[in-house]
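S.K.: pasting the structure only:
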Ligand code: AMP
Ligand code: ZN
């Protein structure tokens, strides 16, 4: 049941000792990089004098802008020829940040992925089809090597090409997949086009992640395919996937605290929030040598779920990510996250598999339009039903987000579909 029982079920006291030991090592190591070397001098921090985990808070958090400003090698803490792999973030704004790994880093990362997949039930006998982009994006190669370490048969299918995916699923009786949640919904439509039932495969486990999705969306995916879907969280700056992962209990994601120190900070004040309250996840690598990063501001909003997990693992759990601080839309003074809209939509019968939020400005007024795919039968039948559904969606959204959006209902598969992370918002207000 456990990949590494001793580490996964370590007592909190022993974990604290281990964390401090790894933190001291990491700080000494990080001091070799240009960025942290200079920073430690500036703030007067001597890694050898660090005596408690609390000393970490003396270090100002690291941001994506810091990584960009010292691009590409300013955070690297080993000689250049020790580096064996580069990855980058999938961000669409500004210069993509790059992360370098030594052979040791890759081995540690692979082990984390194996731990995650084993936890949810993947075994040597499984056939694993990886439907993620291979390349600079970390989702492809990260899972690939993790699954190989478990000993599963890996099909490196890559993203997209839905008909070929389905063919591979059938031909090789795939039992475990890794897929972007929005793409999982799209793929089920392709099954239907081929007059096949998505339930009619051997898949028993899916790893879904890389983008925010609600519990409702997970349930929808599970119901369509009849498998269990586990949430996978990570970011390229912290290797990629393998940072936090759901266990079979499916109530929060265990964050691997032997590899990362997790803090939840108020994004405005950068002070810790009380346990259990929402804030920005800030992470410190504890076992990385190529490019250690201290107190990295992920911009992802979550909270620690208080209490023990029935699965026996002692690493704390974070709640599924609500969104990134920069995904937050402000309309007429109200803060709204795309996931709030997704969650409401997924609860309404008749709503299809995709939606798009469009923000416009007229004079001083902001408007939100939500385009929603609805099931085909609404377009074949009485238009009254379509109008009833539209009104219901407006009402449901209004009750949650407190403003009245314009809702346009569109036919299945008519909205743009990405093979990678879904783009949920088009903001035309920036002028
Ligand atoms: P990248 O570094 O390009 O792989 O992007 C990492 C970002 O993707 C994270 O900081 C999150 O904003 C988002 N992300 C990754 N996994 C998840 C997940 N399971 N749920 C929500 N957001 C996620
Ligand atoms: Zn658990």
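M.R.: Sure, I can see it. These numbers come from a predicted model, not from an experiment. Ligands and ions are numbered 1, 2, ... in the order given.

S.K.: Can you check the distance spanned by stretch 274-286, start to finish?
M.R.: 23 Å (C-alpha to C-alpha, to the nearest Å).

S.K.: What are the buried residues along that stretch?
M.R.: Buried residues in stretch 274-286, counted by 16 or more other C-beta atoms under 10 Å: 279-286. To be clear about C-beta, it is placed using only N, CA and C from the backbone, and glycine gets the same treatment.

S.K.: One more: stretch 118-128?
M.R.: So, applying 16+ other C-beta under 10 Å, buried residues of stretch 118-128: 118-122, 126-128.

S.K.: Quickly find the element holding the closest residue to ligand 1 within the stretch 251-400 of the chain.
M.R.: Taking C-beta to the nearest ligand atom as the measure, the stretch 251-400 of the chain has residue 321 as its residue closest to ligand 1, at 3.5 Å. According to DSSP states H and E, residue 321 maps onto no helix or strand at all.

S.K.: what's the closest non-adjacent residue to it?
M.R.: Counting by C-beta to C-beta, 6 or more residues apart in numbering, residue 321 lies nearest to residue 300, which is 4.9 Å off, once chain neighbours are set aside.

S.K.: same thing with residue 10?
M.R.: In space, residue 10 is closest to residue 314, 5.8 Å off (C-beta to C-beta, 6+ apart).

S.K.: Run through the residues that contact that neighbour.
M.R.: 8-12, 15, 308 (C-beta atoms under 8 Å, 6 or more residues apart in numbering).

S.K.: Spell out which residues make up each domain of this protein.
M.R.: 1-326, 329-427 (automatic domain parsing).

S.K.: Comparing the ones you listed, which comes out most buried?
M.R.: domain 1-326 (a mean of 19; mean count of other C-beta atoms under 10 Å).

S.K.: First-to-last residue distance for it?
M.R.: 38 Å.

S.K.: Is it possible to get the buried residues of stretch 274-286 out as JSON lines so that each row also shows secondary structure?
M.R.: Listed next are the buried residues of stretch 274-286 as JSON lines, based on DSSP: H, G, I helix; E, B strand; the rest coil:
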{"residue": "279", "secondary structure": "strand"}
{"residue": "280", "secondary structure": "strand"}
{"residue": "281", "secondary structure": "strand"}
{"residue": "282", "secondary structure": "strand"}
{"residue": "283", "secondary structure": "strand"}
{"residue": "284", "secondary structure": "strand"}
{"residue": "285", "secondary structure": "strand"}
{"residue": "286", "secondary structure": "coil"}
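
S.K.: Ligand 2 next: which of these are close?
M.R.: Near ligand 2, judged by C-beta under 5 Å from the ion, there are no entries from the buried residues of stretch 274-286.

S.K.: just these now: which is nearest residue 292?
M.R.: residue 285 (5.1 Å; C-beta to C-beta).

S.K.: which residues sit against the lowest-mean-pLDDT helix or strand in the chain?
M.R.: Sorting the helices and strands of the chain by mean pLDDT, DSSP states H and E puts helix 377-380 at the bottom, at a mean of 88. Contacts with helix 377-380, where a contact means C-beta under 8 Å, 6+ apart, come from 350, 385-386, 389, 409, 411.

S.K.: any idea which helix or strand comes after it?
M.R.: Downstream of helix 377-380, the first helix or strand assigned by DSSP H and E is helix 383-401.

S.K.: now that following helix: how far from the chain's centre is it?
M.R.: Relative to the mean C-alpha coordinate of its chain, helix 383-401 is positioned 30 Å out (C-alpha atoms, centre = their mean, to the nearest Å).

S.K.: Show me what it is packed up against.
M.R.: helix 338-347, strand 365-374, helix 377-380, strand 406-410 (3 or more C-beta pairs under 8 Å, 6 or more residues apart in numbering; DSSP states H and E).

S.K.: same for the helix or strand containing residue 22, what does it pack against?
M.R.: Residue 22 belongs to helix 12-30 when elements are defined using DSSP H and E. In terms of contacts (3+ C-beta pairs under 8 Å, 6+ apart), helix 12-30 is packed against strand 279-285.

S.K.: if you set the cut-off to 10 Å instead, what comes out?
M.R.: helix 5-8, helix 34-43, strand 260-265, strand 279-285 (3 or more C-beta pairs under 10 Å, 6 or more residues apart in numbering; DSSP states H and E).

S.K.: okay if I get the ones you listed as JSON lines plus mean pLDDT and distance to ligand 1?
M.R.: Listed next are the helices and strands packed on helix 12-30 as JSON lines, based on pLDDT from 0 to 100; distance: least, C-beta to the nearest ligand atom, whole Å:
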{"stretch": "helix 5-8", "mean pLDDT": "98", "distance to ligand 1": "20"}
{"stretch": "helix 34-43", "mean pLDDT": "98", "distance to ligand 1": "19"}
{"stretch": "strand 260-265", "mean pLDDT": "98", "distance to ligand 1": "13"}
{"stretch": "strand 279-285", "mean pLDDT": "98", "distance to ligand 1": "8"}
